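Trainee: Everything below, folded, please.
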Amino acid sequence: MAWSIGITGAFFIVWDMLKTYYGVWSFNPEYLLGIYIGNLPIEEWLFFVTVPYACVFIYECLNAYLPDYLEKPSKYIAPILIVVLPVLGIINYSRLYTFVTFTFTAAALFIYIKVFKNRLGGRFWLAYLVHLIPFFMVNGVLTALPVVIYNDAENLGIRIGTVPIEDSIYSMLLLLMNIGIFEWRQQKTLHLKA
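Mentor: Have a look, this model is predicted:
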């Protein structure tokens with residue numbers, strides 16, 4: 001799991017540094033410890049350890065205790081998103097958060113299907129749906145206080161409660177990268193043992 005957290009964390013730390021630099025979002029110092037690494041608070045760095053771990057934990061628990069309820073419909077979800085997300089991103093190319101999040105997620109889904117042959121299937125989508133429950137609870141608090149302040153000129157301005165819609169797609173990409181790398185490492189380890 002350390003590989004998936006490390007690789008994904010490195011990607012998203014750079015992403016978050018750039019988004020903070022370009023004013024897509026900012027952090028309210030009133031709610032922070034005041035310790036920064038680069039332009040990100042220590043809390044954001046720790047986010048990329050705790051949240052990916054929790055997401056992979058949710059995924060593994062669902063795999064252990066539940067059947068793959070979404071196996072059949074999962075064949076259609078990623079291909080639809082691969083078409084819809086970049087179209088929405090391109091239409092909103094001037095909104096940096098929307099454009100980058102939607103196009104990167106579509107690209108990752110495409111790689112997921114080609115490299116992993118969609119072998120995670122319905123199990124990924126079930127984990128994604130389940131993780132949205134704590135995601136909206138926690139992110140709702142963070143955006144309501146606000147700990148994280150979004151520049152609505154850089155997103156669609158559509159919110160679920162207080163959470164920008166783009167955050168749910170950002171979270172999909174974060175989950176996809178973590179689970180994809182986690183599964184890839186597990187398969188590689190099993191292959192080496194065989």
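Trainee: Not including adjacent chain positions, what is the nearest residue to residue 143?
Mentor: The shortest distance from residue 143 to any non-neighbouring residue, by C-beta to C-beta, 6 or more residues apart in numbering, is to residue 162 (4.1 Å). The way it works is simple: take the backbone N, C-alpha and C, and place the C-beta from them, glycine included.
Trainee: show me where this protein has strands.
Mentor: Using DSSP state E, the strands of the chain run over residues 25-27, 36-37, 40-41, 148-150, 159-160, 163-164.
Trainee: And those: which comes nearest residue 13?
Mentor: strand 40-41 (7.0 Å; C-beta to C-beta).
Trainee: partners of that closest one in the sheet?
Mentor: strand 36-37 (antiparallel) (DSSP bridges).
Trainee: Identify the residues contacting the strand it pairs with?
Mentor: The contact list for strand 36-37, computed with C-beta atoms under 8 Å, 6 or more residues apart in numbering, reads 42, 45.
Trainee: swap in stretch 64-76?
Mentor: Outside stretch 64-76, the residues within contact range by C-beta under 8 Å, 6+ apart are 77, 118, 121, 122, 123, 124, 125, 126.
Trainee: Any idea how far apart the tips of it sit?
Mentor: Taking C-alpha to C-alpha, to the nearest Å, stretch 64-76 runs 24 Å from one end to the other.
Trainee: helices or strands next to the longest helix along the chain in the packing?
Mentor: Across the chain, the longest stretch assigned as helix under DSSP state H is helix 165-193. Applying 3 or more C-beta pairs under 8 Å, 6 or more residues apart in numbering; DSSP states H and E, we find helix 165-193 packed against helix 2-21, helix 42-65, helix 96-116, helix 121-144.
Trainee: Between helix 165-193 and the first one, find me the angle.
Mentor: To tie it back to what came earlier, the one meant is helix 2-21. Orientation check (axes from the mean of the first three to the mean of the last three C-alpha atoms, to 10 degrees): helix 2-21 against helix 165-193 gives 150 degrees.
Trainee: No further questions, thank you.
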